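S.K.: here is a sequence together with a model predicted from it:
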Amino acid sequence: MALSPQELILPRADYYQVFADIDGDDLEWWRAARDYAQWVYPQVNEAWEKAEYNIPAIDEAARRGLVRDGIDIEGERPMSIRANRLITMELSRCDASTATAPLVQAGLAMQSINSLGSEEQKKKYLGPMSRMEIRGAFALTEPNHGSDSVALETTATRDGDDWVINGEKKWIGHGSVGHIAIVWARKDDGEVGGFIVDQDAPGYSAETITGKASFRGLPQAHIKLNDVRVSEDRRLPGANSFRDTAGILTGTRLGVAWSALGLAIDCYEKALDYASERHQFGRPLIKNQIIQQRLADMLMDVTGMALYCKRLLDLEEAGTLNEKQAALAKVHNTRGARRVAANARDMFGGVGILLENDVIRHFADIEALHTYEGTDTIQSLIVGKTITGVSAYR
């Protein structure tokens with residue numbers, strides 16, 4: 001009997017058939033992501049080991065229409081919210097760096113322009129960015145302000161028809177290998193604004209951060225801005241407070257939850273395959289009670305993560321999702337992914353540290369997921385504030 005389209009791509013980890021109802025255009029986008037993941041997979045370990053950014057591979061993702069984050073692009077077929085989240089999950093099953101590049105490009109840089117930019121800015125940038133003809137960065141985090149990014153020190157001072165930007169940014173994806181950066185800075189009125197800054201502008205300097213043990217396939221930069229002049233037409237007119245900035249982050253925190261799910265799925269499935277094939281003491285590992293229990297534990301985590309994502313999807317599609325709900329999902333899913341990856345890595349024994357088995361790459365990359373777009377502690381405190389009505393961090 002021929003397999004259905006769903007069976008061709010549905011994870012074996014989908015124990016509750018959470019995604020079994022995906023059909024139509026959403027299924028076709030999922031299939032496109034799966035096809036791309038299979039195409040790029042032979043390249044990811046080498047790029048990760050060498051800490052190289054595989055720009056041609058990300059350009060190929062764009063050619064296949066996958067760098068969109070659900071944004072409507074003239075002349076391109078529509079991509080639903082559901083399709084966008086499935087793409088993130090599927091690319092993450094392959095490689096976190098490969099999945100995060102579109103999140104940086106589309107989920108952060110493009111969404112900033114799409115949500116807060118002028119019509120002229122949208123027309124100028126969104127199409128070329130979706131094709132990766134213009135690579136974009138989202139420059140918010142600073143050397144002294146990560147979790148408390150609301151306290152950013154970068155300034156934008158009005159000087160006639162221009163703005164003069166001074167400050168530093170750190171951990172900025174695409175910040176040293178892109179064309180533009182959405183720089184967030186405190187204006188003369190004390191509020192936070194967003195500015196489209198050319199990366200070759202005088203006074204903009206960026207150094208790729210080295211020595212990373214996680215997300216090695218995606219470059220992140222330490223940026224210095226020294227009297228960088230930006231014209232008024234490069235200011236995002238819809239960005240008038242930090243709350244506008246935070247609205248973009250809510251979407252990417254959802255992306256992290258979906259990415260964590262994808263990584264956990266692959267760790268579970270790789271561990272199941274290895275335990276089925278590996279013989280010790282004269283029998284397959286899967287005949288041992290402790291292995292079956294650990295696989296069941298991993299499946300429980302993955303299933304819970306999938307249910308979180310599916311419920312978030314319902315809320316996101318209804319337009320009722322809030323930042324607190326996104327924060328809870330981010331914490332839940334990265335914690336779950338850590339447990340699944342740790343179990344998988346241990347189940348592989350000594351060969352678990354080899355890149356060829358993928359699990360150690362996922363294991364390391366999940367550590368970055370656990371931190372960026374808001375640390376576990378800060379996201380938990382956002383939820384805690386909702387529960388108690390009392391802020392513990394400001």
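M.R.: Yep, it's here.
S.K.: who touches the residue lying closest to Arg131 once chain neighbours are set aside in this structure?
M.R.: Using CB to CB, 6 or more residues apart in numbering and skipping the chain neighbours, the partner closest in space to Arg131 is Ala62 (5.2 Å). No exception for glycine: its C-beta is placed from N, CA and C like everyone else's. Residues in contact with Ala62 (CB atoms under 8 Å, 6 or more residues apart in numbering) are Ser130, Arg131, Met132.
S.K.: how about Ala37?
M.R.: Taking CB under 8 Å, 6+ apart as the test, what Ala37 contacts is Glu90, Leu91, Arg93, Cys94, Asp95, Thr98.
S.K.: that's a helix at it, yeah?
M.R.: Yes. Counting by DSSP: H, G, I helix; E, B strand; the rest coil, Ala37 is found in a helix.
S.K.: quick check: pLDDT value at the closest residue to it other than its chain neighbours.
M.R.: Spatial nearest neighbour of Ala37, excluding adjacent residues (CB to CB, 6+ apart): Cys94 at 3.8 Å. On pLDDT, Cys94 comes in at 96.
S.K.: wait, Cys94 sits on Pro42?
M.R.: No. Cys94 is beyond contact range of Pro42, at 10.4 Å (criterion: CB atoms under 8 Å).
S.K.: more neighbours, these two?
M.R.: Shown here are Cys94 and Pro42; by other CB atoms under 10 Å, Cys94 has more neighbours (23 against 8).
S.K.: gap between that one and Asp26?
M.R.: 19 Å (CB to CB, to the nearest Å).
S.K.: for His174, same thing?
M.R.: 28 Å.
S.K.: rewinding a little: sec struct for the residue nearest to Arg131, please.
M.R.: Going by three-state DSSP: Ala62 is helix.
S.K.: residues near Pro284, how many?
M.R.: Count around Pro284 with other CB under 10 Å applied: 13.
S.K.: please read the previous query as pertaining to Met298.
M.R.: Count around Met298 with other CB under 10 Å applied: 26.
S.K.: now the helices for this protein?
M.R.: 5-9, 24-50, 55-63, 81-94, 96-102, 111-116, 119-130, 242-277, 289-318, 323-347, 359-371, 376-388 (DSSP state H).
S.K.: I'd say Gly65 and Met79 touch.
M.R.: Yes. In this structure Gly65 lies within contact range of Met79 using CB under 8 Å: 7.4 Å.
S.K.: please identify the buried residues of stretch 58-68?
M.R.: Using 16 or more other CB atoms under 10 Å as the test for burial, stretch 58-68 gives Ile58, Ala61, Ala62, Gly65, Leu66, Val67, Arg68.
S.K.: no no, stretch 68-75
M.R.: Neighbour count says stretch 68-75 has Arg68, Asp69, Gly70, Ile71, Ile73 buried, by 16+ other CB under 10 Å.
S.K.: for Gly178, see how far away the first one is.
M.R.: It refers to Arg68. 18 Å.
S.K.: so how far is Leu116 from the residue nearest to Thr210 when sequence neighbours are not counted?
M.R.: Nearest non-adjacent residue to Thr210, counting by CB to CB, 6+ apart: Ala51, 7.2 Å away. Distance of Ala51 to Leu116, given as CB to CB: 33 Å.
S.K.: between those two, which is the more surrounded one?
M.R.: Set Ala51 next to Leu116 and count neighbours by other CB under 10 Å: Leu116 wins out with 22 against 17.
S.K.: which parts of the stretch 101-250 of the chain are strands?
M.R.: 136-139, 155-159, 162-173, 180-186, 192-198, 204-208, 220-231 (DSSP state E, counting those that start in this stretch).
S.K.: deepest of these, which one?
M.R.: strand 136-139 (a mean of 30; mean count of other CB atoms under 10 Å).
S.K.: from the contact counts, what lies against it?
M.R.: Judged by 3 or more CB pairs under 8 Å, 6 or more residues apart in numbering; DSSP states H and E, the packing partners of strand 136-139 are strand 162-173, strand 180-186.
S.K.: quick one: low-confidence ranges for the protein?
M.R.: 1-9, 146-149, 394 (pLDDT under 70).
S.K.: residue at max distance from the center of it?
M.R.: Gly282 (42.8 Å; CA atoms, centre = their mean).
S.K.: give me phi/psi at that residue?
M.R.: The phi/psi pair for Gly282 (degrees, to the nearest 10) reads phi 80, psi 10.
S.K.: from Gly349, how far out is it?
M.R.: In terms of CB to CB, Gly282 sits 16 Å off from Gly349.
S.K.: same question for Leu312.
M.R.: 36 Å.
S.K.: what does Val383 give?
M.R.: 37 Å.
S.K.: ok, Ile387 next?
M.R.: For Ile387 relative to Gly349 (CB to CB), the value is 42 Å.
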